[in-house]
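>>> Just to be clear, the model below is a prediction. Sequence and coordinates:
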There are 2 protein chains.
Amino acid sequence: MREVFHQSLEDVQSRLVEIAELVTEAIDKATRAFGTSDVALAEEVIEADQTIDDKAVALDELAIQILARQQPVARDLRIVVAALRVSASLERMGDIAEHIAQLTRMRFPERAIPKGLKGTFTKMGELDVEVAKTLTELLRTEDLSYLETLRTLDDKVDDHHLAVFEKVLSENWQGEAGATVDATLASRYLERFADHAVSVAKKVAYLATGDWTPDTDTIAVIIAEGESLDGAE
Amino acid sequence: MREVFHQSLEDVQSRLVEIAELVTEAIDKATRAFGTSDVALAEEVIEADQTIDDKAVALDELAIQILARQQPVARDLRIVVAALRVSASLERMGDIAEHIAQLTRMRFPERAIPKGLKGTFTKMGELDVEVAKTLTELLRTEDLSYLETLRTLDDKVDDHHLAVFEKVLSENWQGEAGATVDATLASRYLERFADHAVSVAKKVAYLATGDWTPDTDTIAVIIAEGESLDGAE
């Protein structure tokens, strides 16, 4: 029975990693499509989102089955509950990639990136891809030190997000209202994507600490002590 | 044991209703503050959000305790799992109310609502309050027919959301970039708030159907048959 259970937990984890990889692919393609007005690439992202949604639903059903049949307790229970939360956040991150692709498609054949912001949005897109890759590694390795990497990446995304608004609100902004709307929405999407990743990572940290809302100090201690999820068992 | 369990489930439900009521209050105050540039009211919303977050965390802990101690199966298990999802959505709806309040505070003493959009945003705010009230009733009564009401309200919010963009992108839009940014963000927040409510309602529908993603037809059948959550037991 224990062996069956650990097999199930490994299955949950490998499915989370698989969904995270699909999300990484989605944000990579979406931000590249956005940068180059590549409508075919944008379409790919929009079509692929259904796969992410389906896999998240399937994972939820697996988690419910595990709860029903194997009735885990203590840390095992928390892992399954956290998986439910993580899958919801990954699904949402996939939706955000889709929104960016939709913005690209809506503006085509015009460019979706407003003039003067190409550099900033390219950088934000690259950071979001980095965020998705880091999150995937965190889920794969259960190494909580990636949470700190994610926070650093998220801070950088936030800086660029503010820079977009500074640019748009500056006196020399030449964009028309449409460009301002696009810049606002795209920047908001890219910023939320990174926020969600930090939120997922906190949930995984909760696996190790049993605390849903570990503050920075707790996390710092965990990281300082080099404690991984395995170490916390 | 069964009695203890049903007591716990009632506790989960009453806590969800309580959080939904706080979210209703938050969106009501936030949209009024936004409409009247009432920074004191906006501050109230920002401060009160911590209470919503704390109550959502406490509810999650209760749900985990129930899973650990009472090991529910079948429909009882699905109720507890759904509660975890609903609490996450309610927390997010509270965050959105807070964002609207922050927008109000950031622009003070200027008006946050751009000229020419006061009527549209007032209406969207009222619809979102209606959305929150309807969701609260759905959680309180477990009456799935409220899902259809929520869908109708959400469609109306979406119509206004589109109207905001039409206005902003029209030739006679006089707003500066700052006004365009504010209109874009506020409209997006108000639209997302209603989206989340429909998403919560679908999760509650799942309690009745055991199907995470009931399509419109399934829901229509449930509603046509006048089936409530109690009826589905």
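In hand now; what should we look at? Remember, predicted model here, so these are calculated numbers, not experimental data.
>>> CA only for contacts and neighbour counts going forward, please
Will do.
>>> Does the helix or strand containing residue A:153 reach chain B?
Per DSSP states H and E: residue A:153 is located in helix A:145-169. Yes - contact of helix A:145-169 with chain B (C-alpha under 8 Å from any C-alpha of the partner chain) involves A:168-169.
>>> So for that helix, what gets flagged as buried?
A:145-151, A:153-154, A:156-158, A:160-161, A:164-165, A:168-169 (16 or more other C-alpha atoms under 10 Å in any protein chain shown).
>>> For the residue positioned nearest the centre of chain A, which residues are in contact?
Residue closest to the average C-alpha location in chain A (C-alpha atoms, centre = their mean): residue A:197, at 3.9 Å. Contacts of residue A:197 were listed using C-alpha atoms under 8 Å, 6 or more residues apart in numbering or on different chains, and they are A:89-90, A:93, A:131-132, A:135, A:150.
>>> residues from chain A in reach of chain B?
So chain A meets chain B at A:57, A:64, A:67-68, A:71-74, A:77-78, A:81, A:85, A:168-169, A:177-178, A:180-181, A:184-185, A:212-213 (C-alpha under 8 Å from any C-alpha).
>>> follow-up on the earlier one: which single one of the contacts of residue A:197 is nearest to chain B?
Nearest to chain B among the contacts of residue A:197 is residue A:89, at 10.2 Å by C-alpha to the nearest C-alpha.
>>> what's the following helix or strand after the helix or strand encompassing that closest one?
Following DSSP H and E, the helix or strand that holds residue A:89 is helix A:74-107. Using DSSP H and E, the helix or strand that follows helix A:74-107 in sequence is helix A:118-141.
>>> and that next one, which residues are buried?
Those would be A:120-140, for helix A:118-141 by 16+ other C-alpha under 10 Å.
>>> what helices or strands is that helix leaning on?
helix A:2-36, helix A:145-169, helix A:177-209 (3 or more C-alpha pairs under 8 Å, 6 or more residues apart in numbering or on different chains; DSSP states H and E).
>>> where in chain A is pLDDT low?
Low-confidence segments of chain A, defined by pLDDT under 70: A:1-2, A:207-233.
>>> so residue A:140 touches residue A:12, yeah?
No - contact criterion C-alpha atoms under 8 Å: residue A:140 and residue A:12 do not qualify, at 11.0 Å.
>>> backbone phi and psi for residue A:37, please?
Reported as degrees, to the nearest 10, the phi and psi values for residue A:37 are phi 50, psi 40.
>>> In space, what's closest to it - neighbours in sequence excluded?
Leaving aside its chain neighbours, residue A:37 sits nearest to residue A:111 (5.6 Å; criterion: C-alpha to C-alpha, 6 or more residues apart in numbering or on different chains).
>>> go on, residue A:14?
Once flanking residues are discounted, residue A:14 sits nearest to residue A:140: 7.4 Å by C-alpha to C-alpha, 6+ apart.
>>> residues contacting the one you found?
A:13-14, A:17.
>>> With residue A:70 instead?
Counted by C-alpha under 8 Å, 6+ apart, residue A:70 has contacts residue A:5.
>>> for residue A:135, same thing?
By C-alpha under 8 Å, 6+ apart, the neighbours of residue A:135 are A:20, A:146, A:150, A:197, A:201.
>>> Spit out the contact partners of the last one.
So that's residue A:201. Contacts of residue A:201 by C-alpha under 8 Å, 6+ apart are A:135, A:138, A:144, A:147, A:150.
>>> Hmm, residue A:148 and the second one touching each other?
Going back to what we said before, that points to residue A:138. No - the pair formed by residue A:138 and residue A:148 falls short of the contact definition of C-alpha under 8 Å, at 10.6 Å.
>>> ok so, going back, going by neighbour count, list what's buried in the helix holding residue A:89.
A:75-105, A:107.
>>> And stretch A:190-210, by the same measure?
Of all the residues in stretch A:190-210, those buried under the rule 16+ other C-alpha under 10 Å are A:190-210.
>>> Same question for stretch A:172-191.
For stretch A:172-191, a neighbour-count test (16+ other C-alpha under 10 Å) marks A:177-191 as buried.
>>> what does stretch A:31-49 give?
A:31-35, A:37-39, A:41-46, A:48-49.
>>> from those residues, which single one is nearest residue B:115?
Within the buried residues of stretch A:31-49, the smallest distance to residue B:115 is 31.0 Å, found for residue A:34 (C-alpha to C-alpha).
>>> show me what contacts the closest one?
Shown in contact with residue A:34 (C-alpha under 8 Å, 6+ apart): A:42, A:100-101, A:103-104, A:111-113.
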